[in-house]
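J.: Turn this into a structure:
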Amino acid sequence: MRAITFAAYGGPDVLQLSDVPLPEPGPGQVRVAVRRAGVNPIDWKIRSGAMSEAAAPKGPQIPGAELAGVVDAVGDGAAFAVGDEVFGWAVTGSYAEYALATTVAHKPASLSWDDAVALPVAGETALRVLRLLAVKAGDLLLIHGASGTVGRFATQAAVALGATVIGTAGQRSFDDVKSLGAIPVLYGDGWPERVRAAADRPVDAVLDASGHGVLPDSVELLGSKERVVTIADGAAFELGLPFSAGTADDATPEVLAEILEFVERGLQIAQGRSYPLEEAAAAQQESQEGHPGGKITIAVS
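T.: Just a heads-up that it's a prediction; the model follows:
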């Protein structure tokens, strides 16, 4: 099968289109004929070597955590059948024509491949952080980066919980942020004053999904470190703030079921550019530049 691989850490140019063996599903696994692979910042961070102290990967690696596609083969004990349309997390890397997966859910027929592959990482991250912040009805939540993939999901989930959301974004995204149920505020210098002007009461919690150096002012705005969480700014470690990064244990069928509940309520998903498999390097480059305007996907077939 064709797959994108890298055998050394570095820039996007280390990604190569390769022929690799077709993987065989083990117990509890399915093999998925990938229709779409999701592109996330963690993909290029791993490829760059930023997530590892090793001198080189241990053999060729296939990037990609998210997939949407059709079950092609089923391992013992897997609760799916050949032909099922599914989405979820890849075990073997999703930038490939076929990938193994353990945690997937049935894709609703009404959900496009592009929208389905946009859900696992953003949805799990948003729901995890809202739990860490203990967001509840009546809270005033500030979300930095409300128009991003995680910010969009978190905004809609928080509003569904009964919270009021103020979301920082660029001017061109204001109408979009409003459509999610949030109060848009311009990001950049002077944002704390603009948040105070937009709020009718003190902010209760802050989710930083932008990573643009907003943590110190966020703590000052709250007057506390207790309900500030970032998923994007490594300065959290120096400031004594939580940096929430997902683990394999967070990728569960229960999370996918919860995500699908939001889909049934009319979850809005913003799509960015879709690239063919052979242009995966360009897809990661766009993700690394940081302003995709929606979910970046790879159209495998």
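
J.: all contacts plus neighbour counts: C-alpha atoms, from now on.
T.: Will do.

J.: what about stretch 214-226, average pLDDT?
T.: What stretch 214-226 shows for mean pLDDT is 97.

J.: Listing request: residues of the stretch 151-300 of the chain with sub-threshold pLDDT.
T.: Scanning the stretch 151-300 of the chain for pLDDT under 70 picks out nothing.

J.: how about the helices of it, start to end?
T.: Along the stretch 151-300 of the chain, counting by DSSP state H, counting those that start in this stretch, helices occupy 174-179, 191-198, 215-222, 236-239, 253-264, 280-289.

J.: Now these in JSON lines, please, with extra columns for mean neighbour count and distance to Leu133.
T.: What follows is those, written out as JSON lines (neighbours: other C-alpha atoms under 10 Å; distance: least, C-alpha to C-alpha, whole Å):
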{"stretch": "helix 174-179", "mean neighbour count": "18", "distance to Leu133": "21"}
{"stretch": "helix 191-198", "mean neighbour count": "15", "distance to Leu133": "19"}
{"stretch": "helix 215-222", "mean neighbour count": "17", "distance to Leu133": "13"}
{"stretch": "helix 236-239", "mean neighbour count": "12", "distance to Leu133": "15"}
{"stretch": "helix 253-264", "mean neighbour count": "16", "distance to Leu133": "17"}
{"stretch": "helix 280-289", "mean neighbour count": "19", "distance to Leu133": "27"}
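
J.: Out of these, which is closest to Gly49?
T.: When those are compared by C-alpha to C-alpha, helix 280-289 sits nearest Gly49, at 13.7 Å.

J.: The closest one packs against which elements?
T.: Helix 280-289 sits against helix 41-48, strand 271-276, strand 295-299, with contacts defined as 3 or more C-alpha pairs under 8 Å, 6 or more residues apart in numbering; DSSP states H and E.

J.: Give me the angle between that helix and strand 271-276.
T.: 150 degrees (axes from the mean of the first three to the mean of the last three C-alpha atoms, to 10 degrees).
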